[in-house]
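Participant: This is a predicted model, with the sequence first.
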Amino acid sequence: MPRSKKSKARGGDKCPQAQGQTQSCGGAQAIAAAEEESTTSSLQCEDSTQSLPGAESCSTSQEPQRIPTIAAAAVFSYTRSSEAFDGQYKHRALAYEVPPFTETPGTDCLTRKASLLEQYLLYKYKMKQLMMKEDMLKIIHQSHHDRFAEILKRASERIELVFAVELKEVDSVVPCYNLVSKLKLPNNGRVRGGRGLPKTGLLMNLLGMIFLKGNCAAEEDIWKYLGTMRVYAGRKHLIYGEPRKLITKDLVRLKYLEYRQVANSDPPRYEFLWGPKAHLETSKMKVLEFLAKVNDAVPSDFPTYYEEALRDEEEKAQGMHAARPDTTVKVSTPPRDMLSIIIPPVRKYVKFLPPDRKI
């Protein structure tokens, strides 16, 4: 085994350069760490989800309504495994004692390989480096090269559930990828400058809770919800830094959240609403689709919120039409039965040609 690891690490030294960044050193380190990484916990959202607190109050139907849930343990799992992954380079003691990965009867080989790719993708994102297909093929081993597309799909989908970032191909000549934030947060979802993991998933979950709470969520409910993710006010988080500053200052300053005092509250109480940039860059339907994926469902499985999201889509469509009064083409709102067919978002692949290639 030591010989195998050494040879694979040397193989990473041959990684090509992309966008002016030297990939060889980081690629070799990431490959070696991914091969040694045996602490990744599988994201089993259906077994580790928590209902959003107080969401039941949004339902007006007499029949029991299915409530979207959140992957409460998912971020904590990634926090632990990310810290273990980083520790292999920094040679420092881990803040958590991470149990070794043990293969169970329900853990197939492809799931294990996908877990290794997850760690590689997140590490390269954190280091602000592109993800090279050559490196990933070395990680999953030659015997699984014919299943590469399936393994990469599994890994990217599970990362998307937690961090709300999409894997996109940025070069097809020298195949490489990047994780791109679903929202236009600064520094590709990191919010603050420098390296780090995306904050987009946290924001999408906050927007989801605000939606499910009737488009306005009390601050105490927000922190109760975040507590299920092991995110606490005043306690520095490995991924999010100081959560209170991130949520009540940074995301408010960026206009993704609105944070205001409840009228006539004494002592003062505060509540959260969607900010103008959240309304501009996403929608209730997109947020519901995000929560539905966590629940291995579709938006229509949550009829109360689905109907509200449909109304929101219709109002936006009508508003866009009204904003262009001089158009000569009449655009009608699609009938409700057509809107009820929810199609998963299509991933757009952005491809950049090398500077020396002629079109």
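Facilitator: Right, received. Where do you want to start?
Participant: which residues in this structure form helices?
Facilitator: Using DSSP state H, the helices of the chain run over residues 2-11, 24-36, 72-90, 109-126, 133-140, 148-163, 200-212, 219-227, 243-245, 251-253, 276-281, 284-294, 303-322, 336-339.
Participant: What mean pLDDT does stretch 142-155 get?
Facilitator: Stretch 142-155 carries an average pLDDT of 94.
Participant: who touches it?
Facilitator: The contact list for stretch 142-155, computed with CB atoms under 8 Å, 6 or more residues apart in numbering, reads 109-111, 113-115, 117-118, 121, 133, 136-137, 140, 167. (Each C-beta comes from the backbone N, C-alpha and C, glycine too.)
Participant: Kindly recompute the last result at 10 Å.
Facilitator: Stretch 142-155 has contacts (CB atoms under 10 Å, 6 or more residues apart in numbering) with 109-122, 131, 133, 136-140, 167, 177.
Participant: before we move on, back to that, could you tell me the least trusted of the helices of the chain?
Facilitator: Lowest mean pLDDT within the helices of the chain: helix 336-339, a mean of 39.
Participant: what comes up buried for stretch 189-199?
Facilitator: Within stretch 189-199, the residues that count as buried by 16 or more other CB atoms under 10 Å are 189, 190, 191, 196, 197, 198, 199.
Participant: Check the spacing between the residue lying closest to the second one once chain neighbours are set aside and residue 273 real quick.
Facilitator: What sits nearest to residue 190 in space, not counting adjacent residues and going by CB to CB, 6 or more residues apart in numbering, is residue 196, at 4.6 Å. When distances are taken as CB to CB, to the nearest Å, residue 196 and residue 273 turn out to be 27 Å apart.
Participant: how many neighbours does residue 179 have?
Facilitator: Residue 179 is flanked by 24 other residues according to other CB atoms under 10 Å.
Participant: Report the beta-bridge partner residues of it.
Facilitator: With DSSP bridges as the criterion, residue 179 is bridged to residue 167.
Participant: Show the pLDDT at it.
Facilitator: 97.
Participant: which ones are touching it?
Facilitator: The contact partners of residue 179, by CB under 10 Å, 6+ apart, come to 121-122, 124-126, 130-131, 156, 159-160, 163, 165-168, 188-189, 197-198, 200.
Participant: could you redo the last one with a cut-off of 6 Å?
Facilitator: Counting by CB atoms under 6 Å, 6 or more residues apart in numbering, residue 179 touches 125, 165, 167.
Participant: Among those, which one lies nearest to residue 293?
Facilitator: Minimum distance to residue 293 across these is 13.2 Å, recorded for residue 165 (CB to CB).
Participant: Identify the residue spatially nearest to the closest one, adjacent ones excluded.
Facilitator: Residue 165 sits nearest to residue 179 (CB to CB, 6+ apart), 4.2 Å away.
Participant: Can you give me the separation between the nearest residue in space to residue 239 that is not next to it in sequence and residue 128?
Facilitator: Distances taken as CB to CB, 6+ apart place residue 197 nearest to residue 239, at 4.8 Å, with adjacent residues excluded. As judged by CB to CB, residue 197 and residue 128 stand 11 Å apart.
Participant: and what of residue 199?
Facilitator: Distance of residue 199 to residue 128, computed by CB to CB: 15 Å.
Participant: just residue 283 next, same as before
Facilitator: Remark: distance between residue 283 and residue 128 (CB to CB) = 29 Å.
Participant: Not counting its neighbours along the chain, what's nearest residue 258?
Facilitator: Closest residue in space to residue 258, ignoring its immediate chain neighbours: residue 273 at 4.3 Å, by CB to CB, 6+ apart.
Participant: er, residue 312 actually
Facilitator: Distance criterion CB to CB, 6+ apart; nearest residue to residue 312, sequence neighbours excluded, is residue 284 at 4.5 Å.
Participant: can you pull the contacts of that neighbour?
Facilitator: With contacts taken as CB under 6 Å, 6+ apart, residue 284 has the following neighbours: 211, 309, 312.
Participant: and if you look at residue 269?
Facilitator: Counting by CB under 6 Å, 6+ apart, residue 269 touches residue 262.
Participant: per-residue pLDDT, it?
Facilitator: 96.
Participant: From residue 253, how far out is it?
Facilitator: 21 Å.
Participant: among the contacts of stretch 142-155, which ones are buried?
Facilitator: Using 16+ other CB under 10 Å, the buried members of the contacts of stretch 142-155 are 111-122, 131, 133, 136-140, 167, 177.
Participant: number of nearby residues for residue 311?
Facilitator: Using other CB under 10 Å, residue 311 has 12 other residues around it.
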